[in-house]
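Participant: Structure of the sequence below:
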Amino acid sequence: MTTEHTVKSFDEELKRLSDLVAQMGGLAEAQLQAAIEALVSRDAEQAARVVQNDARIDQLERQISTQTIRMLALRQPMAQDLRQVVAALKISSDIERIGDYAANVAKRAIALTQSPPMRPVGGIARMGRLVQQIIKDILDAYGAHDADKAVAAWKRDQEVDDMYNSLFRELLTYMMEDPRNIGPSTHLIFIAKNIERMGDHATNVAEIIHFLVRGEDISEARPKSDKTSFAVVTPPEETA
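Facilitator: Prediction:
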């Protein structure tokens, strides 16, 4: 009877832990959506709320960290249970970073309200929505313990990198065409990079989920095609 009670109690703790991770992930996803909306609508007040709400994600990460350490110390889980506890700790760290990047996007969105609108914002919004969908799919995969769904989302990081490469070159061109574009274009490049990094952290989570479910790493090489370090953009020819 005592053993059954102990097992049931531990299962309930694991469920609460998973629920906290899901709650944290949902907040990070909502933060990204709100930051992109603030960027597109040039809404400084909404962007400021995104920055302020980042504290809620940090608080949940601390709560998850405390609970996982307690469970490791008192329950000494093994095999699948151990993987589930460690996965929650690692996933919460990646989600916390996603939340930080969403707050960074919001901070730069505030700065961009002081400059005229720029066309590349539309491309950045599309990139943000793609990453948001990847995060949603990965959170769903975590809740369902679905390794295949996690891998499918993991593979989409290639699309994120391709969009980032294209935006990077476009923004460099804007900067060379008119020095007045340098300030806002720089903000947009950093925003695009922050979103690209969110995609990287989402792929980290996908890999953790795969290991949680299957007990092994994803066999394929991580999809990666950020070529901005080697980007060369030819300045526009001067007209007579």
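Participant: For the rest of this, base every contact and every neighbour count on C-alpha atoms.
Facilitator: Noted.
Participant: In this protein, which residue is most central in space?
Facilitator: The centre of the chain sits closest to Met198, judged by CA atoms, centre = their mean, with a distance of 3.0 Å.
Participant: quick one, phi/psi of it?
Facilitator: The phi/psi pair for Met198 (degrees, to the nearest 10) reads phi -60, psi -40.
Participant: And Ala221, by the same measure?
Facilitator: Dihedral angles (degrees, to the nearest 10) for Ala221: phi -70, psi 150.
Participant: Could you list every helix and strand that the helix or strand harbouring Val205 packs against?
Facilitator: Element membership for Val205 (DSSP states H and E) is helix 182-214. If contacts are counted by 3 or more CA pairs under 8 Å, 6 or more residues apart in numbering; DSSP states H and E, helix 182-214 sits against helix 79-112, helix 121-144, helix 147-155, helix 157-177.
Participant: hey, which of these is tucked in deepest?
Facilitator: Comparing the helices and strands packed on helix 182-214 by mean neighbour count (mean count of other CA atoms under 10 Å), helix 79-112 ranks first with a mean of 22.
Participant: same for that one, what does it pack against?
Facilitator: Packing partners of helix 79-112 (3+ CA pairs under 8 Å, 6+ apart): helix 2-41, helix 44-75, helix 182-214.
Participant: re earlier: what pLDDT does the closest residue to the residue nearest to the centre of the chain other than its chain neighbours get?
Facilitator: Sequence neighbours aside, Ile98 is the residue nearest to Met198 in space, at 5.1 Å (criterion: CA to CA, 6 or more residues apart in numbering). On pLDDT, Ile98 comes in at 98.
Participant: unless I'm mixing things up, Ile98 is touching Glu196, no?
Facilitator: No. Using CA atoms under 8 Å, Ile98 is not in contact with Glu196, being 10.2 Å away.
Participant: overlap in contacts of the two?
Facilitator: Both Ile98 and Glu196 lack any common contact, where contact means CA atoms under 8 Å, 6 or more residues apart in numbering.
Participant: Neighbours of Arg180, how many?
Facilitator: Counted with other CA atoms under 10 Å, residues neighbouring Arg180 total 12.
Participant: can you pull the buried residues of stretch 185-195?
Facilitator: 185-189, 191-195 (16 or more other CA atoms under 10 Å).
Participant: Could you single out the nearest of these to Gln31?
Facilitator: Nearest to Gln31 among these, counting by CA to CA, is Ile195 at 11.9 Å.
Participant: Look up how far Leu167 lies from the closest one.
Facilitator: From Ile195 over to Leu167 the distance is 12 Å, taken as CA to CA, to the nearest Å.
Participant: With Val205 instead?
Facilitator: Distance, Val205 to Leu167, by CA to CA: 25 Å.
Participant: In the chain, where is pLDDT below threshold?
Facilitator: Residues of the chain meeting the criterion pLDDT under 70: 1-7, 223-240.
Participant: Now tell me what touches stretch 184-193 from outside.
Facilitator: The contact list for stretch 184-193, computed with CA under 8 Å, 6+ apart, reads 104-105, 108, 111-112, 115, 121, 124, 127, 164, 167-168, 171-172, 174-175.
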